[in-house]
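Asker: Prediction below, plus the sequence it came from.
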Amino acid sequence: MAQTMTSPSGITNFVINKGNGVKGLSEMGLKSLPKQYIQPLEERISTASFGIKNSEESIPIIDMSNWDDPKVAEAICSAAEKWGFFQLVNHGVPIEVLENVKEATHRFFELPAEEKSKNSKERSCSNNVRFGTSFSPQAEKALEWKDYLSLFYVSEDEASALWPPACKDEVLEYMKKSKILIKRLLEMLMKRLNVKEIDQEKEGLLMGSMRINLNYYPICPNPELTVGVGRHSDVSTLTVLLQDQIGGLYVRGCTDKKSWIHVPPVKGSLVINIGDALQIMSNGRYKSIEHRVAANGSKNRISVPIFVNPRPSDLISPLPEVLASGEKAVYKQVLYSDYVKHFFRKAHDGKSTIELAKI
Ligand SMILES: COc1cc(/C=C/C(=O)SCCNC(=O)CCNC(=O)[C@H](O)C(C)(C)COP(=O)(O)OP(=O)(O)OC[C@H]2O[C@@H](n3cnc4c(N)ncnc43)[C@H](O)[C@@H]2OP(=O)(O)O)ccc1O
Ligand SMILES: O=C(O)CCC(=O)C(=O)O
Ligand SMILES: [Fe+2]
């Protein structure tokens, strides 16, 4: 067993095929990182050096208690233009709902590998439920230190029937309660783009599909040699991210592009980021910023992003309202499912997915 496990194929078999994930590896008490996880020097995250560079820039924290105050909309739109990232407090999603979904995430990952892997790509009875590890293992030169459960929402009935019982009620509640916040954010962001009203057609285009991922980053023997998630931008319209108190999310700096800014955990907050679909629809006005996640040597971390997306069948392009003043389109029309497939079929590679849509 020990001999098979240390060979590269033994590790792959244990982590990917047998569904133990990196959590299984972590719990074996490995003393050093298997070589498949060693990232090239330029992709490693040296958390020690961030403290110095970080001091000048930080991601805005916006209080939503008076969400209909124009100052709140101004802060949100400015953050979306400048940073592509911001944190929200007093956002209206009950703290209890957030605590429950974090607990449910731990409950799911605590299940035996045999139970979790019923949701793997090979065994899941639906393409909309997928348990996996790393990001795109077949395309990656170096694997990422993360396991995940990805749930694509189609309907309440489908979710009730197919999502894992260990977490489905809590995840559904989190999604439902977040919808009010998502609509408010989109209304504010659209107003700034001269979209006066979000009618049914626009609502479909902006938030017609949702995917929720439960991310699990177990303790890593050599966190400085690998990453939890490599540099990428999300392909969503926007992403609502719940993180626990451990920390580890870094965002590309907006003035000093060489720096990476930590997104510090703030109790009860939600992190919001703009995704590629909204960068395209706003013709580049709102920014989908690169981000990445460090591995941790002493603590298990979880995060729960809700990816708010167009529908797979939507054609995305700069909105007519944005181009009405004569502004030249910098992106062409793309079928959203083609865009997402392009993203999923390659390893994380920074901001390169959006090249597909550039004119
Ligand atoms: C996992 O770690 C991540 C994830 C992310 C995600 C960031 C986002 O912004 S996710 C938002 C994506 N948007 C949507 O899901 C909505 C639109 N959905 C679709 O268009 C389709 O459902 C589809 C995703 C394109 C899948 O369509 P389907 O026809 O079923 O195509 P497949 O052939 O099954 O899949 C294509 C290709 O993608 C891989 N894949 C599919 N789903 C996932 C998934 N949930 N996670 C990872 N990979 C997935 C699948 O394996 C296929 O590749 P093959 O090579 O196997 O053909 C950000 C950062 C992370 O670390
Ligand atoms: O875990 C995090 O903080 C962020 C994860 C992420 O960027 C993603 O799942 O797209
Ligand atoms: Fe992301």
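Answerer: The structure has been received and is ready for your questions. Numbering: from 1, shown residues only. Ligands and ions are numbered 1, 2, ... in the order given.
Asker: For the stretch 101-250 of the chain, what lies in contact range of ligand 1?
Answerer: Neighbours of ligand 1 within the stretch 101-250 of the chain, by C-beta under 6 Å from any ligand atom: 127, 130, 135, 138, 148, 150, 152, 209, 211, 213, 229, 232, 234-236. Yep, even glycine has a C-beta here, placed from its N, CA and C like the rest.
Asker: How far off centre is stretch 323-335?
Answerer: 26 Å (C-alpha atoms, centre = their mean, to the nearest Å).
Asker: Between the two ends of that stretch, what distance do you get?
Answerer: Chord length of stretch 323-335, first to last residue, is 20 Å (C-alpha to C-alpha, to the nearest Å).
Asker: what is the mean pLDDT for it?
Answerer: For stretch 323-335, mean pLDDT is 97.
Asker: Give me the contacts around it.
Answerer: 194, 280, 283-284, 313-318, 354, 356-359 (C-beta atoms under 8 Å, 6 or more residues apart in numbering).
Asker: List only buried entries from the residues you listed.
Answerer: Ile280, Asn283, Gly284, Asp314, Ile316, Ser317, Pro318, Ile354, Ala357 (16 or more other C-beta atoms under 10 Å).
Asker: The longest helix along the chain packs against which elements?
Answerer: Criterion DSSP state H: the longest helix present in the chain is helix 168-191. Helix 168-191 is packed against helix 70-82, helix 95-109, helix 156-162, helix 200-207, strand 209-217, strand 238-243, strand 270-274, strand 301-309, with contacts defined by 3 or more C-beta pairs under 8 Å, 6 or more residues apart in numbering; DSSP states H and E.
Asker: For the ones you listed, give me JSON lines that also has distance to Val89, mean neighbour count and mean pLDDT.
Answerer: Below are the helices and strands packed on helix 168-191 laid out as JSON lines (distance: least, C-beta to C-beta, whole Å; neighbours: other C-beta atoms under 10 Å; pLDDT from 0 to 100):
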{"stretch": "helix 70-82", "distance to Val89": "12", "mean neighbour count": "17", "mean pLDDT": "97"}
{"stretch": "helix 95-109", "distance to Val89": "11", "mean neighbour count": "18", "mean pLDDT": "98"}
{"stretch": "helix 156-162", "distance to Val89": "29", "mean neighbour count": "13", "mean pLDDT": "94"}
{"stretch": "helix 200-207", "distance to Val89": "22", "mean neighbour count": "16", "mean pLDDT": "97"}
{"stretch": "strand 209-217", "distance to Val89": "21", "mean neighbour count": "23", "mean pLDDT": "98"}
{"stretch": "strand 238-243", "distance to Val89": "13", "mean neighbour count": "24", "mean pLDDT": "98"}
{"stretch": "strand 270-274", "distance to Val89": "8", "mean neighbour count": "25", "mean pLDDT": "98"}
{"stretch": "strand 301-309", "distance to Val89": "17", "mean neighbour count": "24", "mean pLDDT": "98"}
